[in-house]
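Participant: Here's my sequence, what's the structure:
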Amino acid sequence: MKTLVRAAALAATIALGGAGLAQAQTAERVYTQGTVWSVGHIETKPGMFDEYMAYLNGPWRAVQEAAKKRGDVVSYRILALQDVRDNEPDLILMIEYKNMAVFDQSDEESDKQTSAVFGSPVKANQAAITREAMRTTRGGYLARELKFMK
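Facilitator: Residues are numbered from 1 along each chain as shown. Alright, predicted model coming up:
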């Protein structure tokens, strides 16, 4: 008898869960896909905050401005965090891209864009090594904005 009651309870649970799935599948979409955000968490090394900010105001900003001219980047921002603990970021770098398609470019196009700011991909790699003396990357993510339809 207990087995029959358990089987009936399981069947009811599955039926109710299935009804919820069916309802969710028939719901109208109330959002559209928006822009794509790249968010980087940066911890500057002791005594290197101003030097890293100078880099951001130089080559990093030049890369963002060039991408804005091409129409790939919509906006970019730098957020300074307060009262951080050890091994936590003190800066957040945010870049808003028009869509995911901007990430699908050839190596040749990427090298051309890099060379316009750094001189060559080799010099860009050397600059990346130099940045390691100023900061540590503490993670990040890529996220798509969802906008409610009217």
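Participant: Spit out the contact partners of residue 43.
Facilitator: With contacts defined as Cβ atoms under 8 Å, 6 or more residues apart in numbering, residue 43 is in contact with 84, 87, 88, 89, 90, 91, 135, 136, 137, 138. Every C-beta, even on glycine, is put in place using the N, C-alpha and C of the backbone.
Participant: Make a ChimeraX selection of the buried ones in those.
Facilitator: Buried residues within the contacts of residue 43, by 16 or more other Cβ atoms under 10 Å, are selected in ChimeraX with:
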select :89,90,91,135,138
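Participant: And the strands in the protein?
Facilitator: 31-44, 73-80, 91-97, 135-148 (DSSP state E).
Participant: among those strands, which is nearest residue 51?
Facilitator: Residue 51 sits nearest to strand 31-44 of all these, at 8.4 Å, using Cβ to Cβ.
Participant: Buried residues in the closest one, which are they?
Facilitator: With burial defined by 16+ other Cβ under 10 Å, the residues of strand 31-44 counted as buried are 35, 36, 37, 38, 39, 40, 41, 42, 43, 44.
Participant: now these in TSV, with pLDDT?
Facilitator: Formatted as TSV, those follow (pLDDT from 0 to 100):
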residue	pLDDT
35	98
36	98
37	98
38	98
39	98
40	98
41	98
42	98
43	98
44	97
